[in-house]
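With the input below, show me the fold.
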Amino acid sequence: MVNDLWWREQDADYIWRRGERYPGSTGVEPEWTLEAAADPRRIVREPDPRSRSGAIRIIGHSASAGFVITVIVTRSDHAGASAWKTTGADLGEYEGQGRL
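Numbers count the residues shown, from 1 in each chain. Down below sits the predicted model:
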């Protein structure tokens, strides 16, 4: 999955323009999501418990972005569906990895 994540043009545009739709949020470059998916410390939820379609949730750090990104990926062809700067419980879980 990490090596074959890809974005349809309209979905890539959708994540890049996130900041326009949600004031205070950050647009996400598709390249950043590839870095997050390749993060050795990434968290993969397959299926994503919040998904009605059984999508995959990946939570990983992007060095280029400088923050942790949540990526939603289709199960069928590993196309990116959405992505955003990670917050809340997902960020806490990512940051808390390895702590006893």
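
What ranges in this structure fall below the confidence cut-off?
Across the chain, residues meeting the criterion (pLDDT under 70) sit at 1-2, 98-100.

Helices of that one, start to end?
9-16, 18-21, 30-38, 88-95 (DSSP state H).

Please identify the deepest-packed of those.
helix 30-38 (a mean of 21; mean count of other CB atoms under 10 Å). For every residue, glycine as well, the C-beta is placed using N, CA and C.

helices or strands next to it in the packing?
helix 9-16, strand 56-62, strand 67-73, strand 80-85 (3 or more CB pairs under 8 Å, 6 or more residues apart in numbering; DSSP states H and E).

how close does the spatially most central residue of the chain sit to E46?
Nearest to the mean C-alpha position of the chain, by CA atoms, centre = their mean, lies V71 at 1.7 Å. Between V71 and E46 the computed distance is 12 Å (CB to CB, to the nearest Å).

swap in K85?
Taking CB to CB, one finds K85 at 22 Å from E46.

Return every residue with contacts to both of V71 and E46.
R57 (CB atoms under 8 Å, 6 or more residues apart in numbering).

and the end-to-end length of stretch 79-93?
24 Å (CA to CA, to the nearest Å).

related to what we said a few turns ago, if we look at the sheet, which residues does the residue nearest to the centre of the chain bridge to?
I58, A83 (DSSP bridges).

Surely it and A55 touch.
No: the pair V71 / A55 is not scored as a contact, 9.9 Å apart, by CB atoms under 8 Å.

Quick check: closest non-adjacent residue to L91.
V68 (5.8 Å; CB to CB, 6 or more residues apart in numbering).
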